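Trainee: Dropping a prediction and its sequence here:
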Amino acid sequence: MQHPLIKHLRSEMMARRDMVRAEPMAAYMKNIQPFLGIASPVREDIIKSARKVYAIESRDIYRDIIFELWNGEFREEKYMALEVAQRYKSYLNADSFDIYEKLVYDADWWDTLDWLAGKIVGPIVQKHRGFENNLILWRTAENLWTRRAALLTHLKHKKHTNIKLLSETIELLAPETDFFIRKVIGWVLREYSKTDPQWVINFVKSHEKTLSNLSKREALKVVERQKDEK
């Protein structure tokens, strides 16, 4: 029997779909999946209203709802799965890590993966360092997006960043030619440069031959901008 929260969310999404927006949204995401044309503010309004009415009675039900939405026909259902994962705070913790890890392994594009790794998995790993062992496994996964998650999970750790693990992961993935790996290497380094710019400068310099030009350019954006402002 389908949980009433799922029925409500799907009903609201269908009622508020915008097929004029749907086509360009799908095109922007390389037509990875059909879209309903629901803008982020509309989606957020739907989930906020739903939370006031529909409780999730257990972690097992939380898991089932997330997976049911994640496997839906439309891309916005995946987004709604992540909304549920993130907004039902009583289950957003280490005990749900196995749920999120399944999504990391199943991710098929940057839109869902970046949200999942940066906003859901990242804070949990920062609090529970034992999960760094999972990141070590992710970086050799067959799925490109899982490997991307091994880096992106560090994005907002700031002074709590595990520099050793981050360095090892970058060194392992730096030879890859895929744009999304090269881009995220630079992105994570750029973000960490806001905490320790000299470390990032030194890292880029010492890995001059192995980092791609894209990674180096992204990594030093903040550092170079600050230099120009002086």
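Mentor: Great, that's in hand.
Trainee: Please count neighbours and contacts with C-alpha atoms only from this point.
Mentor: Noted.
Trainee: Low-confidence bits of the chain, can you list those?
Mentor: For the chain, the stretches with pLDDT under 70 are 229-230.
Trainee: Nearest residue to the middle of it?
Mentor: residue 114 (2.3 Å; CA atoms, centre = their mean).
Trainee: What lies in contact with the helix ranked longest in the chain?
Mentor: The single longest helix within the chain, with elements called by DSSP state H, is helix 179-193. With CA atoms under 8 Å, 6 or more residues apart in numbering as the test, helix 179-193 has contacts from 144, 147-148, 151-152, 154-156, 158, 170, 173-174, 176, 199-200, 212, 214-223.
Trainee: which of these are buried?
Mentor: 144, 147-148, 151-152, 154-156, 170, 173-174, 200, 212, 215-223 (16 or more other CA atoms under 10 Å).
Trainee: domains of the chain?
Mentor: 1-92, 129-230 (automatic domain parsing).
Trainee: could I get the ones you listed as CSV with distance to residue 109?
Mentor: Below are the domains of the chain laid out as CSV (distance: least, CA to CA, whole Å):
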stretch, distance to residue 109
domain 1-92, 8
domain 129-230, 7
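Trainee: Of all those domains, which one is nearest residue 104?
Mentor: domain 129-230 (5.6 Å; CA to CA).
Trainee: Determine how far the closest one lies from the middle of the whole chain.
Mentor: Distance, stretch centre to chain centre, for domain 129-230: 15 Å (CA atoms, centre = their mean, to the nearest Å).
Trainee: what's the answer for stretch 67-81, then?
Mentor: Distance, centroid of stretch 67-81 to centroid of chain: 15 Å (CA atoms, centre = their mean).
Trainee: so how far does that stretch reach from one end to the other?
Mentor: End-to-end distance of stretch 67-81: 7 Å, with CA to CA, to the nearest Å as the criterion.
Trainee: what does stretch 32-42 give?
Mentor: This stretch, stretch 32-42, spans 21 Å end to end (CA to CA).
Trainee: Same question for stretch 184-200.
Mentor: End residues of stretch 184-200 are separated by 14 Å (CA to CA).
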